[in-house]
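Peer 1: A predicted structure for the sequence below; I have some questions about it.
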Amino acid sequence: MKIYTLHRKQNLPISVDEAWAFFSDPKNLKTITPDYMSFDILSGADRHMFSGQIIQYIVTPILGIKTKWVTEITHVVDKHYFVDEQRFGPYSLWHHKHFINPINGGVEMEDIVDYKLPLGFIGQLVHPIIVKPKLEEIFTYRTKKLEALFGTL
């Protein structure tokens, strides 16, 4: 069983309160997701993050194939971190930790995603060709979008 990890950090010139207000609002996920993914929240985004929250989305990650994705917010420590886990969707495992760390002049945003692909050996074969590059592209878009919204530190 192969579990992959994506780890990203980004410094933003905003306060912890500003960062938490933005990232704890599920509606803002659409703002930091590439347009071509046709990200659409179906339900669960009517409140700021809380443990046990279920959020349902439709995304089109590759080849115009629409995919339903259901995540649960499993852990929340106000103004410090939250965790979302996939309940239904394209991965066998998706565990995404979001940390907000105060630093001089702003915050450090840290994402750690542990994920596993379905289909065993076939999943491992497509990982370096399709999945890893797609995730890198999505998180690079997110970095650039956050810089456009908040500036750089």
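Peer 2: It's in. Numbers count the residues shown, from 1 in each chain.
Peer 1: going forward, measure contacts and count neighbours with C-alpha atoms only.
Peer 2: OK.
Peer 1: part of a helix, is L149?
Peer 2: Yes - checked against DSSP: H, G, I helix; E, B strand; the rest coil, L149 lies within a helix.
Peer 1: burial count for it?
Peer 2: 11 (other C-alpha atoms under 10 Å).
Peer 1: one more: G105?
Peer 2: 12.
Peer 1: for it, which non-adjacent residue is spatially closest?
Peer 2: The shortest distance from G105 to any non-neighbouring residue, by C-alpha to C-alpha, 6 or more residues apart in numbering, is to P13 (5.8 Å).
Peer 1: ok, the one you found touching G106?
Peer 2: Yes - using C-alpha atoms under 8 Å, P13 is in contact with G106, at 4.2 Å.
Peer 1: how are the strands of the protein distributed by residue range?
Peer 2: 4-12, 40-43, 54-59, 67-77, 81-88, 93-103, 106-116 (DSSP state E).
Peer 1: in its sheet, what does the second one sit against?
Peer 2: Meaning strand 40-43. strand 54-59 (antiparallel) (DSSP bridges).
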